[in-house]
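Visitor: no sequence on this one, just coordinates:
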């Protein structure tokens, strides 16, 4: 079964959220990568991609912040990104630098590093689908015992118009987790925006969205939500005012659990909605 | 009420009085011999009503435009205490606005045929003052001031629901970003100061550390908006769960980051 013993090499861009607020996502990602044979090298001295704020206040500033990260990556291995918003910015800037040669040269001079037009930027989900499936199917010692989940993609993953010609991975969370024995409940608001930064400035707006999303998951008879976005995970947990909110998992947590990771307690204590009762009721944790 | 001076000798056509019904009153314009425009109001004849969309529109004639005094008439009207609030004065309109926004956002908003798909899909339309399709229409009309002052551009979170649903492939989120930038550059007072304040705090954090430090952003945001008690319990809960790091992680080569911000703060209040 160790047919693909060779490690798959990636540069890794965590992003601010995954590195701090959602470090449980980061920890579980490491477990998944160990199990799937991904070798992650964190991008040396990466910076914030600008988030939504830089792009709203000044798109040029956002572009430069993102371009610095691109200049740090080497083109010999793909750049794996955890956060959909970071992915969107990195890909979008990369495409526009490929088209605008002069701008690219200016930025290369500024950072004194080349920005490779050949660099491949992929999301964690895409990496799992493209490189991890054989091992995932062969090596899941603990199937997910029919856990009913709602796949929540959020708004940014693969949807932005600048990336229209890119691959579209809608449905892959369901495919991956269903293959591991979970049940998908996708008849819900799987790609409704959670409210992003309005959570800080206009929480009442976000609460309304989050409650709708959560209610749709409950109506679809899901037991939990699985999301690919750390920001969404936080918003769904902190802004939900329903009486019995469902727990929200990071995709990496569920994958790591299925792949037999043992240090799940340290991730799950960081959740505001304790996911452990549901997992124990499915005999997924003890 | 009558303006001083008789219509001048600028051009024959202009000399006649021009009148329009506006919000139930008759608006008259004169051009003086120095080419200055004067305006006054009369009560409209009962029974004569404007179509709804023209009620708050103040019309500047072609003749005035040809005489190059439309700005002046517009200025007069803006000063006039009888001008209804929120009135659109055509002389103030910026006929190049659509072109400017198109160039800056690299999309073509003139393709919009007002199907309202964007507004129907937008999850946040309830928090906006104008739905996105109306913002596009206002840009097409050249209503620069109204567009840059509206809350919609600040409420938009770039979820791209509108952009991905638009049948004409207009990148509406990019247009919103362009407008927020223009509003900052022109120092328009934002109708949603808390949102701009939040963005600036995020930028300050990125400038200081190269990364977003959420605890600092939230504390500074509270300081700026003076709403200490709002979300206090939530903040404590997050701290207890160790979701908020006390200390920021930093970029080592902060000079590189710093340099990116250097030309930037000149344009914005810091």
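Guide: Looks like it came in fine. A quick note: this is a predicted structure, and the numbers were derived from the prediction, not measured.
Visitor: Can you read off the pLDDT for residue 173?
Guide: Because you didn't say which chain, this covers chain A. Note for residue A:173: predicted pLDDT of 91.
Visitor: switch to chain B, that's the one I care about
Guide: 92.
Visitor: Okay, it and residue B:190: tell me how far apart.
Guide: Remark: distance between residue B:173 and residue B:190 (C-beta to C-beta, to the nearest Å) = 18 Å. C-betas here are computed from N, CA, C, even on glycine.
Visitor: Between those two, which is the more surrounded one?
Guide: Comparing residue B:173 with residue B:190 by other C-beta atoms under 10 Å in any protein chain shown, the one with more neighbours is residue B:173, at 26 against 20.
Visitor: Quick one: classify the more buried one as helix, strand or coil.
Guide: Look at residue B:173: counting by DSSP: H, G, I helix; E, B strand; the rest coil, its state is helix.
Visitor: Could I get the contacting residues of it?
Guide: A:160, A:161, B:156, B:158, B:159, B:160, B:162, B:163 (C-beta atoms under 8 Å, 6 or more residues apart in numbering or on different chains).
Visitor: Return the helix or strand in chain A with minimum mean pLDDT.
Guide: Within chain A, no helix or strand scores below helix A:133-139, which has a mean of 80 by mean pLDDT, DSSP states H and E.
Visitor: Packing partners of the helix or strand just after it?
Guide: Following helix A:133-139 in sequence order, the next helix or strand is strand A:148-152 (DSSP states H and E). Here strand A:148-152 touches helix A:172-179, strand A:183-184, helix A:203-219, strand A:224-227, going by 3 or more C-beta pairs under 8 Å, 6 or more residues apart in numbering or on different chains; DSSP states H and E.
Visitor: at 7 Å instead, please
Guide: Here strand A:148-152 touches helix A:172-179, strand A:183-184, strand A:224-227, going by 3 or more C-beta pairs under 7 Å, 6 or more residues apart in numbering or on different chains; DSSP states H and E.
Visitor: ok so, going back, closest to residue B:121 among the contacts of residue B:173?
Guide: residue B:162 (6.0 Å; C-beta to C-beta).
Visitor: that older thread, now the least confident helix or strand of chain A, how far from the centre of its chain.
Guide: Distance of helix A:133-139 from the chain centroid (C-alpha atoms, centre = their mean, to the nearest Å) equals 20 Å.
Visitor: mind listing what's buried in that helix?
Guide: Within helix A:133-139, the residues that count as buried by 16 or more other C-beta atoms under 10 Å in any protein chain shown are A:135, A:136, A:139.
Visitor: Show me which of those is closest to residue A:263.
Guide: When the buried residues of helix A:133-139 are compared against residue A:263 (criterion: C-beta to C-beta), the nearest one is residue A:139, at 17.8 Å.
Visitor: Please verify my assumption that residue A:190 contacts residue A:155.
Guide: No: here residue A:190 does not reach residue A:155: they are 10.4 Å apart, not a contact under C-beta atoms under 7 Å.
Visitor: which non-adjacent residue is nearest residue A:141?
Guide: Spatial nearest neighbour of residue A:141, excluding adjacent residues (C-beta to C-beta, 6 or more residues apart in numbering or on different chains): residue A:260 at 4.6 Å.
Visitor: which SS class is that neighbour?
Guide: What three-state DSSP gives for residue A:260 is coil.
Visitor: Hmm, residue A:142 and it touching each other?
Guide: Yes: under the criterion of C-beta under 7 Å, residue A:260 makes contact with residue A:142 at 5.4 Å.
Visitor: And these two? Which one has more around it.
Guide: The residue with more neighbours, out of residue A:260 and residue A:142, is residue A:142; 15 against 12, by other C-beta under 10 Å.
Visitor: Any figure for the gap between that one and chain B?
Guide: Separation of residue A:142 from chain B (C-beta to the nearest C-beta, to the nearest Å): 26 Å.
Visitor: Kindly report the same for residue A:10.
Guide: Separation of residue A:10 from chain B (C-beta to the nearest C-beta): 20 Å.
Visitor: in the sheet, who's paired with that residue?
Guide: Under DSSP bridges, the beta-bridge partners of residue A:10 are residue A:40.
Visitor: Contacts only, for it.
Guide: Neighbouring residues of residue A:10 by C-beta atoms under 7 Å, 6 or more residues apart in numbering or on different chains: A:38, A:39, A:40, A:77, A:78, A:80, A:127.
Visitor: 8 Å instead, please
Guide: Counting by C-beta under 8 Å, 6+ apart, residue A:10 makes contact with A:38, A:39, A:40, A:41, A:77, A:78, A:79, A:80, A:127.
Visitor: which residues sit against the helix or strand hosting residue B:103?
Guide: Assigned by DSSP H and E, residue B:103 belongs to helix B:97-105. Residues outside helix B:97-105 that contact it (C-beta under 8 Å, 6+ apart) are B:94, B:108-110, B:139-140, B:142-144, B:147, B:171, B:174-175, B:177-179, B:181-182.
Visitor: The least confident helix or strand of chain A packs against which elements?
Guide: Against helix A:133-139 (3+ C-beta pairs under 8 Å, 6+ apart) you get helix A:23-36, helix A:172-179.
Visitor: Now do the buried residues in the longest one.
Guide: To tie it back to what came earlier, the one meant is helix A:23-36. Within helix A:23-36, the residues scored as buried using 16+ other C-beta under 10 Å are A:23-33, A:35-36.
Visitor: if we take these, which one ends up nearest to chain B?
Guide: Of all those, chain B sits closest to residue A:23, with 8.4 Å by C-beta to the nearest C-beta.
Visitor: In this structure that closest one contacts residue A:269, no?
Guide: No: counting by C-beta atoms under 8 Å, residue A:269 is not a contact partner of residue A:23; they are 11.8 Å apart.
Visitor: what does the stretch 51-200 of chain A have sitting close to chain B?
Guide: Within the stretch 51-200 of chain A, the positions adjacent to chain B are A:51-59, A:61, A:64-65, A:68, A:110-111, A:155-156, A:159-162, A:164, A:192-193, A:195-198, A:200 by C-beta under 8 Å from any C-beta of the partner chain.
Visitor: mind checking which helix or strand residue A:54 is in?
Guide: For residue A:54, the enclosing helix or strand under DSSP H and E is helix A:51-57.
Visitor: after that helix comes which helix or strand?
Guide: That would be, after helix A:51-57 and using DSSP H and E, helix A:59-72.
Visitor: about what we covered before: please compute how far the helix holding residue A:54 lies from its chain's middle.
Guide: With C-alpha atoms, centre = their mean, you get 20 Å for helix A:51-57.
Visitor: Could you do stretch A:14-31 as well?
Guide: Computed by C-alpha atoms, centre = their mean, the chain-centroid distance of stretch A:14-31 equals 9 Å.
Visitor: out of the buried residues of helix A:133-139, who's nearest chain B?
Guide: Nearest to chain B out of these is residue A:136 (C-beta to the nearest C-beta; 28.9 Å).
Visitor: my read: residue A:186 touches residue A:177, true?
Guide: No: contact criterion C-beta under 8 Å: residue A:186 and residue A:177 do not qualify, at 10.9 Å.
Visitor: okay, the two: which has more neighbours?
Guide: Between residue A:186 and residue A:177, residue A:177 has the larger neighbour count (other C-beta under 10 Å), namely 21 against 16.
Visitor: so what's the more buried one up against?
Guide: When the contact criterion is C-beta under 8 Å, 6+ apart, the partners of residue A:177 are A:144, A:149, A:151, A:184, A:226, A:254, A:258.
Visitor: Rebuild those residues as CSV, extending it with pLDDT.
Guide: As requested, the contacts of residue A:177 are exported to CSV (pLDDT from 0 to 100):
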residue, pLDDT
A:144, 88
A:149, 94
A:151, 93
A:184, 93
A:226, 95
A:254, 93
A:258, 90
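Visitor: okay, residue A:197: pLDDT?
Guide: 91.
Visitor: how about whatever residue of chain B ends up closest to chain A, phi and psi?
Guide: For chain B, the residue closest to chain A is residue B:159, as judged by C-beta to the nearest C-beta, at 3.3 Å. Main-chain torsions, residue B:159, degrees, to the nearest 10: phi -80, psi -10.
Visitor: Same check on residue A:241?
Guide: Dihedral pair for residue A:241: phi -110, psi 10, per degrees, to the nearest 10.
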